[in-house]
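Engineer: Model the following, please.
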Amino acid sequence: MLLIVRTARRRYIVRREDVATLRAMTRSDNGRREEADSSVIAVELGPLIDPDDVSTAQRRHALIIPLRRRSIALLVDAVDAIIDHADIQPLPPLLGELLREPWTTGVLLIDDQPVVQLDVRAIARSILLQRTRASEQK
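Structural biologist: From the prediction side, this is the model:
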């Protein structure tokens, strides 16, 4: 199964089995939830991929991706739909080699528009690695 998630500017597809929990939250919850549960790191998905994709929405959705010791909460504007069966086209190797981060795994046409599939587990591992390196440098 696939989830269609929306940021301020884009739609993405993620595999449902990579997301442990979907949680609704308001913008004011962001900091408090992270402080209340230090095992969860909350990160906006939009600006992580595109610095201009910044949301102003008050109501947010968190995709909780569990890792070994911590969980990553990827914040998005909406979770639109669940797709049971889809014909996802893998990225051509040449295009995959040009990506800055190996987070994109394929593309699906939805209403004749290409929607990129993200590997949210790879994104979560990258976030955790960046946080670990930053704390080690302090």
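Engineer: And the next helix or strand past the worst-scoring helix or strand of the chain on mean pLDDT?
Structural biologist: In the chain, no helix or strand scores lower on mean pLDDT, DSSP states H and E than helix 29-36, which sits at a mean of 48. Where DSSP states H and E defines the elements, the next helix or strand beyond helix 29-36 is strand 40-44.
Engineer: now the angle between strand 40-44 and the helix ranked longest in the chain, please.
Structural biologist: What stands out as the longest helix in the chain, according to DSSP state H, is helix 120-137. Helix 120-137 and strand 40-44 are oriented at 110 degrees to each other (axes from the mean of the first three to the mean of the last three CA atoms, to 10 degrees).
Engineer: Please name every helix or strand in contact with helix 120-137.
Structural biologist: In terms of contacts (3 or more CB pairs under 8 Å, 6 or more residues apart in numbering; DSSP states H and E), helix 120-137 is packed against strand 40-44, helix 45-49, strand 59-66, strand 71-76. Any C-beta I mention is one placed from the backbone N, CA and C, and that applies to glycine too.
Engineer: Right, I'll leave it there.
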